[in-house]
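# Output the structure for:
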Amino acid sequence: MTIPTKATAIGINHIALEVGNIAEALAFYGSFLNFTITSQTEDAAFIYFGDQFINFAKGRTQASDEKRHFGIAVDDKELVRNTLTQMDVTLLGGQFLDFLDPWGNRIEITTYTNIMFSKTTAILRGMDMDHLQKTDQALAQLNKHGLGTLDDSR
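Numbers count the residues shown, from 1 in each chain. Model (predicted):
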């Protein structure tokens with residue numbers, strides 16, 4: 001038996017975002033996303049999307065992000081675009097739906113069904129999203145990486 005010399009990355013469990021105000025961050029993100037708040041204090045909050053979460057932490061001090069970003073997969077990207085537009089959030093140019101939150105964190109919104117990232121059937125069911133079906137392109141991407149035969153992921 002060979003002893004591994006490195007750990008294998010399984011996925012991203014969470015990210016931590018620095019914001020100026022926890023209540024304002026919850027209100028801003030809650031304007032265009034459904035999530036569950038599992039913990040909230042004046043200095044931190046944890047919002048869950050199924051089995052992953054964002055940890056909002058009070059104390060953003062750095063300048064706005066230009067290229068550094070993270071992506072949130074949603075069921076309806078155009079609904080997010082319309083909501084952000086109604087909120088007067090400036091959308092950044094380019095092929096993606098990118099914007100800066102009020103504290104300068106750059107966010108990219110993507111459509112879950114179009115990308116390689118997958119949730120298990122059980123997690124999708126728990127999120128009431130088990131109706132989502134991957135596009136042929138997303139399935140081809142999964143197959144290309146040897147991940148398309150997983151019966152328990154969508």
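# Let me see the ranges of the helices in the chain.
22-30, 77-86, 121-126, 136-144 (DSSP state H).
# Which elements pack onto the longest one?
Translated: helix 77-86. With contacts defined as 3 or more CB pairs under 8 Å, 6 or more residues apart in numbering; DSSP states H and E, helix 77-86 has these neighbours: strand 91-92, strand 97-100, strand 106-111. Heads up, the C-betas are built off the backbone N, CA and C, glycines and all.
# would TSV of the ones you listed with mean pLDDT and distance to A138 be doable?
Converted to TSV, the helices and strands packed on helix 77-86 look like this (pLDDT from 0 to 100; distance: least, CB to CB, whole Å):
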stretch	mean pLDDT	distance to A138
strand 91-92	96	24
strand 97-100	97	17
strand 106-111	96	9
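# can you put the ones you listed in CSV and add mean neighbour count and distance to D51?
As requested, those are arranged in CSV below (neighbours: other CB atoms under 10 Å; distance: least, CB to CB, whole Å):
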stretch, mean neighbour count, distance to D51
strand 91-92, 14, 29
strand 97-100, 19, 23
strand 106-111, 18, 18
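# can you tell which of these is closest to F46?
Ranking these by distance to F46, with CB to CB as the measure, places strand 106-111 first at 17.4 Å.
# May I see the helices and strands packed on helix 77-86 arranged in a markdown table, with distance to G126 as well?
Listed next are the helices and strands packed on helix 77-86 as a markdown table, based on distance: least, CB to CB, whole Å:
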| stretch | distance to G126 |
| --- | --- |
| strand 91-92 | 31 |
| strand 97-100 | 26 |
| strand 106-111 | 20 |
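# still on that earlier bit, export the helices of the chain to a markdown table and append columns for mean pLDDT, mean neighbour count and distance to F49.
As requested, the helices of the chain are exported to a markdown table (pLDDT from 0 to 100; neighbours: other CB atoms under 10 Å; distance: least, CB to CB, whole Å):
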| stretch | mean pLDDT | mean neighbour count | distance to F49 |
| --- | --- | --- | --- |
| helix 22-30 | 98 | 16 | 11 |
| helix 77-86 | 97 | 14 | 13 |
| helix 121-126 | 91 | 15 | 10 |
| helix 136-144 | 89 | 14 | 18 |
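# Alright, I will stop here.
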